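A.B. asks: requesting a structural model of the entry that follows:
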Amino acid sequence: MTADKEKRRAISRDAARRRRQVESDVFGDLSRLLPLEPSVRAHLDKPSVIRLTLSYIRMHALLKGNPGIKSEGGKAVECGPSNSRDERQSECDARLDDEEKVSEEDVETNMYLKTLEGFLMVLSAEGDMIFLSHNVSKYMGLTQTELMGHNIFEFTHPCDHEEIRNNLRLATGEVWLDGKRDFVMRIKSALTHRGRSTNLKSATWKVLHCQGRAKVCITASSCRVSCLLLTCQPLPLSHTLLSANTFTSQHSMDMKFTYCDQRVQFLLGYSPEELIGRSIYNLCHTVDTNCLTKNHFNLYWKTQSVSGQYRMLVRGGGYVWVETHSAVIPSGRPSRSRQGTNHQLCILCVTYVLSGVEEPSLQLSVDQTVSGYQS
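C.D. replies: Purely as a prediction, here's the structure:
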């Protein structure tokens, strides 16, 4: 009886070993089909292989639904059997030409991503990250393979979930027309201030400015698939991009000027002294007030924001198109004698003037007149 039990156990162990081997072989074959570097594929576990495979299948369905877009194949060039040597050679030459085109496209893509100073993201209607550009690790400290297939709500701030859902949702009029998207969200970042990577438990919130469009694709099975194509740019308020057409200003939390640099006089005609105590809303075109209000709201909740393009009134008449990058900062350095006290906050703005003066003979506010600021 004992011998029979041992024999059955041995047979069971052998069967389990064969099943595990078959399973490993299937996952190995599946991982080799993924368009990833061999060094990356070697470190993928089974759940990651399934997650990435599903992401690439969904991405392939989106690409296949758009005419004129070709899915990338592997790097290897294989020449299959042919009846004629000339035909076989011409086929190989054609595939080699395709490989050269793909490499040129890779170089061009890397150049675009470097110029963008951000990364690309494709979100499904449910919020799944079905594609991220490879340079996401530069900004988030997490690799492309670590994020693809996961849901965006797992990594974003809970207070931003409703806004993200609203942007994922397609309105009736957007089914056949591309719907523009422009919003700010907070996402987990595993990068420290010194640029080193840490684990997700120690992750901090990074503010991203997301711009793009909602896309609708018709698949081969006549199914309508929607997604969001987004460019995501982190919002560190940097002074390295300042130019002659840029000025900085500081505001109280109700957006009244407390400081403005001298370049505002050259760009808008107002002296810094005239603007102190005035609200930025007084300089904004009435039609674009909602743009500043949205920016102001984002600053209160997310501490950083980008206004989008709006019109700022010029002294004497007319307006210029501008875009403002803003951040909430402490109004002063902590005092050594009062380290435990809370310091007041203020808003620091960097405003980029994007156009020349338009409609210079048109005055839309009393503040544009010469005597408007002398009261």
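A.B. asks: okay, stretch 44-61 in PDB with CA atoms only?
C.D. replies: Below are the C-alpha coordinates for stretch 44-61, written out as PDB (Å, rounded to 0.1, in the frame of the first residue of the first chain):
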ATOM      1  CA  LEU A  44       9.500  39.900 -16.800                       C
ATOM      2  CA  ASP A  45       7.400  37.700 -14.500                       C
ATOM      3  CA  LYS A  46       4.300  35.900 -15.700                       C
ATOM      4  CA  PRO A  47       1.800  38.600 -14.600                       C
ATOM      5  CA  SER A  48       3.900  41.200 -16.300                       C
ATOM      6  CA  VAL A  49       3.900  39.200 -19.500                       C
ATOM      7  CA  ILE A  50       0.100  38.900 -19.500                       C
ATOM      8  CA  ARG A  51      -0.300  42.600 -18.700                       C
ATOM      9  CA  LEU A  52       2.000  43.800 -21.400                       C
ATOM     10  CA  THR A  53       0.600  41.300 -24.000                       C
ATOM     11  CA  LEU A  54      -2.900  42.600 -23.400                       C
ATOM     12  CA  SER A  55      -1.700  46.200 -23.700                       C
ATOM     13  CA  TYR A  56       0.000  45.500 -27.000                       C
ATOM     14  CA  ILE A  57      -3.100  43.700 -28.300                       C
ATOM     15  CA  ARG A  58      -5.200  46.600 -27.500                       C
ATOM     16  CA  MET A  59      -2.700  49.000 -29.000                       C
ATOM     17  CA  HIS A  60      -2.500  46.900 -32.100                       C
ATOM     18  CA  ALA A  61      -6.300  47.000 -32.400                       C
END
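A.B. asks: I'd like the average pLDDT over that stretch.
C.D. replies: On average, the pLDDT along stretch 44-61 is 83.
A.B. asks: equivalent analysis for stretch 284-292, please.
C.D. replies: Computed over stretch 284-292, the average pLDDT equals 90.
A.B. asks: same question, stretch 154-162
C.D. replies: 91.
A.B. asks: how about that stretch, which residues are buried there?
C.D. replies: Residues of stretch 154-162 classed as buried by neighbour count (16 or more other C-beta atoms under 10 Å): 155, 156, 157, 160. Any C-beta I mention is one placed from the backbone N, CA and C, and that applies to glycine too.
A.B. asks: how long is that stretch end to end?
C.D. replies: Stretch 154-162 has an end-to-end distance of 13 Å (criterion: C-alpha to C-alpha, to the nearest Å).
A.B. asks: buried residues, the helix or strand containing residue 56. List them.
C.D. replies: Per DSSP states H and E, residue 56 falls inside helix 46-64. Neighbour counts over helix 46-64 (16+ other C-beta under 10 Å) mark 48, 49, 51, 52, 53, 55, 56, 58, 59, 61, 62 as buried.
A.B. asks: follow-up on the earlier one: and which of the buried residues of stretch 154-162 is nearest residue 363?
C.D. replies: Sorting the buried residues of stretch 154-162 by how near they are to residue 363, with C-beta to C-beta, puts residue 160 at the top with 40.0 Å.
A.B. asks: give the contact list for that closest one.
C.D. replies: Residues near residue 160 by C-beta atoms under 8 Å, 6 or more residues apart in numbering: 185, 186, 302.
A.B. asks: quick one: low-confidence residue ranges for this structure.
C.D. replies: Low-confidence segments of the chain, defined by pLDDT under 70, span residues 1, 65-115, 171-178, 193-197, 218-224, 236-243, 331-343, 368, 370-375.
A.B. asks: centre-most residue in it?
C.D. replies: Geometric centre of the chain, nearest residue: residue 232, 1.5 Å, by C-alpha atoms, centre = their mean.
A.B. asks: without its sequence neighbours, what residue ends up closest to it?
C.D. replies: Excluding the flanking residues, the one nearest residue 232 by C-beta to C-beta, 6 or more residues apart in numbering is residue 208, at 4.6 Å.
A.B. asks: quick one: the one you found is in a strand?
C.D. replies: Yes: according to DSSP: H, G, I helix; E, B strand; the rest coil, residue 208 belongs to a strand.
A.B. asks: where along this structure do the helices fall?
C.D. replies: Along the chain, counting by DSSP state H, helices occupy 2-33, 38-41, 46-64, 85-116, 136-140, 144-147, 161-168, 263-268, 272-275, 289-302.
A.B. asks: hmm, back to that, make a markdown table out of the buried residues of stretch 154-162 and add distance to residue 363.
C.D. replies: Output for the buried residues of stretch 154-162, formatted as a markdown table (distance: C-beta to C-beta, whole Å):
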| residue | distance to residue 363 |
| --- | --- |
| 155 | 48 |
| 156 | 44 |
| 157 | 43 |
| 160 | 40 |
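A.B. asks: this completes my enquiry, with thanks.
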